[in-house]
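K.L.:
Give me the fold of what follows.
(4 chains)
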Protein chains: 2
Amino acid sequence: MTREAQIPSQSLAAMELFRGLPPSALESAAACARVRRLPKDMRLFNQGDDSVRAHAIIEGGVRIAQSGSDGAQVVIRFIGPAEMFGTVALFTDKRYPADAITLAETLEASWSEDELLGLMARYPQIAINVIRIIGKRLQEVQDRVRELATQRAERRVAHVVLRLARQAGHSTVDGTAIEFPLRRKDLADIAGTTLHTASRILTGWEKAGLLTSHNQQLTIRNTSELLRIAENAAD
Amino acid sequence: MTREAQIPSQSLAAMELFRGLPPSALESAAACARVRRLPKDMRLFNQGDDSVRAHAIIEGGVRIAQSGSDGAQVVIRFIGPAEMFGTVALFTDKRYPADAITLAETLEASWSEDELLGLMARYPQIAINVIRIIGKRLQEVQDRVRELATQRAERRVAHVVLRLARQAGHSTVDGTAIEFPLRRKDLADIAGTTLHTASRILTGWEKAGLLTSHNQQLTIRNTSELLRIAENAAD
DNA sequence: CGCTTCTTTGAATTTCGTCAAAAGGCGTGG
DNA sequence: CCACGCCTTTTGACGAAATTCAAAGAAGCG
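P.N.:
A predicted model of the protein is given here:
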């Protein structure tokens, strides 16, 4: 966890949170940001923590996971570069609703409540951006609710893999590779199933040549067939 | 669908959307609101509609339901008195992400995009309120994702009933009654199960004296036992 | 090499959805 | 007032999908 002297004002320009702002605003935001470089598997915050800040990823990624009172866990989402997270808590009960853990070495920026509110007061567009970002996520989570309520495990896992490929995939000679390491358990926790079921499904797909999986590194070889599995209501 | 001459300025005071605003703001909002009285089973809007407005319920309630490309449907939430809905679409892609249908005769207020943005510009607190409301819903939906992914049908139905009681219940001599009519199918679509399973579960609870159900009218008699079912990881 | 973590696989069990059918309520119209 | 039809609810039987239980195999790391 090293402090960074660098002020990444232009990294901020890429973030939806600061979309539509004048350069001066980006500089103000950069000026009061706390920037940290974090090792893999570092906890940024825990569910229930009450010293909330607004966060954003510059490089790397984090896993946002929620556990219930019974200990059961789901992964809410993966956050990649240029995405914000942990911001909603500032406006509700000042407690993070989930845990955040780095997936790899990560460069993260964050702002205190006062700093963010101050920025929002000066640049109301930021508030609009927050509403739009949260609104999109609300719709995504609602889609997941529908999937969980109506689809079989295999389709859900297919959706998860495709979504991750879209969000954090890059093309290679072998197909689309997903940037960060993914355990079967992660897939299962996102798809809402067990790691056993996830393993069986992935093994099946690997045998069918749809994807490869070495070392927690997923590479999709046959996107269209996966799409068929994800979308096809029949069979 | 009758136009109302009445301007319900004080109805607005009860709404979280307008919390923390001066009376003059409420009057401005009331002045530009379109208020309608709607019959039961009326569609306010459909998923995909692109003439979006921000809505709020004064009396009655609506069911917000989403369908996937495969036709499968889930109920996203029920909206009761003093709650807003359909507002997120203004900030994202200008298309409603779900259908809204009245559960009973309903008094509804709505604002056009320009009116709401105008109000927000004059009273920035409204934007903060929107963020807080949407943030809360995001957390609720995330809770539902966790429930769907990790809990059995009975626990989920228990959660649904308790949530509805909190959201739209009022005390009577017999217990807590839920204001709007609820079919087994509604409960099932919200809990992510089938009406058959929901029926079996409800019948079981009714026999055990936890609640009564006449005429799509639910009354909870034993909240603590329901809470036990909802929370108890064991068994 | 031994330890830990992750993955695979098999078998038994369970939950829940599906299919099928009957019963109950309520309003309409004869 | 009764009969009919429509909608909702209840209930039983069955089967399939997925979790659970159990154990062994891989792979990375100190």
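
K.L.:
switch to C-alpha atoms for all contacts and neighbour counts from now on
P.N.:
OK.

K.L.:
tell me the domain ranges of chain A?
P.N.:
Using automatic domain parsing, the domain parsing of chain A gives A:2-148, A:152-231.

K.L.:
Quick one, which of those domains gets closest to B:L90.
P.N.:
domain A:2-148 (8.6 Å; Cα to Cα).

K.L.:
Quick one: mean pLDDT over the closest one.
P.N.:
Average pLDDT, domain A:2-148: 91.

K.L.:
now it: how far from the chain's centre is it?
P.N.:
10 Å (Cα atoms, centre = their mean, to the nearest Å).

K.L.:
Please, where are all the helices along chain A?
P.N.:
Counting by DSSP state H, chain A has helices at residues A:9-13, A:23-32, A:113-122, A:125-150, A:153-168, A:184-191, A:195-207, A:223-231.

K.L.:
Who are the packing partners of the shortest one?
P.N.:
Right, the one you point to is helix A:9-13. On a contact count with 3 or more Cα pairs under 8 Å, 6 or more residues apart in numbering or on different chains; DSSP states H and E, helix A:9-13 meets helix A:23-32.

K.L.:
Give me the buried stretch members for the helix it packs on, please.
P.N.:
Buried residues in helix A:23-32, counted by 16 or more other Cα atoms under 10 Å in any protein chain shown: A:25-27, A:29-30, A:32.

K.L.:
okay if I get those as CSV plus distance to chain B?
P.N.:
Shown next, in CSV, are these (distance: Cα to the nearest Cα, whole Å):
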residue, distance to chain B
A:A25, 18
A:L26, 21
A:E27, 23
A:A29, 19
A:A30, 23
A:C32, 21
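
K.L.:
before we move on, back to that, right, so of the helices of chain A, which gets closest to DNA strand D?
P.N.:
Closest approach to DNA strand D among the helices of chain A (Cα to the nearest atom of the strand): helix A:153-168, 3.6 Å.

K.L.:
Buried ones in that closest one, by neighbour count?
P.N.:
Within helix A:153-168, the residues that count as buried by 16+ other Cα under 10 Å are A:153-162, A:164-165, A:168.

K.L.:
Run the chain-centre distance for it.
P.N.:
From the chain centre to the centre of helix A:153-168 is a distance of 13 Å (Cα atoms, centre = their mean).

K.L.:
Also stretch A:156-173?
P.N.:
The answer for stretch A:156-173 is 13 Å, by Cα atoms, centre = their mean.

K.L.:
right, is it up against DNA strand D?
P.N.:
No: for stretch A:156-173 and DNA strand D, the contact criterion (Cα under 7 Å from any atom of the strand) is not met; the two come no nearer than 8.3 Å.

K.L.:
quick one: is that stretch near DNA strand C?
P.N.:
No: residues of stretch A:156-173 are not located near DNA strand C by Cα under 7 Å from any atom of the strand, the shortest gap being 13.0 Å.

K.L.:
Give me the contact list for that stretch.
P.N.:
A:80, A:147-148, A:176-180, A:187-188, A:190-191, A:198, A:223, A:226-227, A:229-230 (Cα atoms under 8 Å, 6 or more residues apart in numbering or on different chains).

K.L.:
ok, now with 6 Å
P.N.:
A:176-179, A:191, A:230 (Cα atoms under 6 Å, 6 or more residues apart in numbering or on different chains).

K.L.:
Roughly how far does A:V157 sit from A:H196?
P.N.:
Distance of A:V157 to A:H196, given as Cα to Cα, to the nearest Å: 12 Å.

K.L.:
Any buried residues in stretch A:85-103, and which?
P.N.:
For stretch A:85-103, a neighbour-count test (16+ other Cα under 10 Å) marks A:85-92, A:94-103 as buried.
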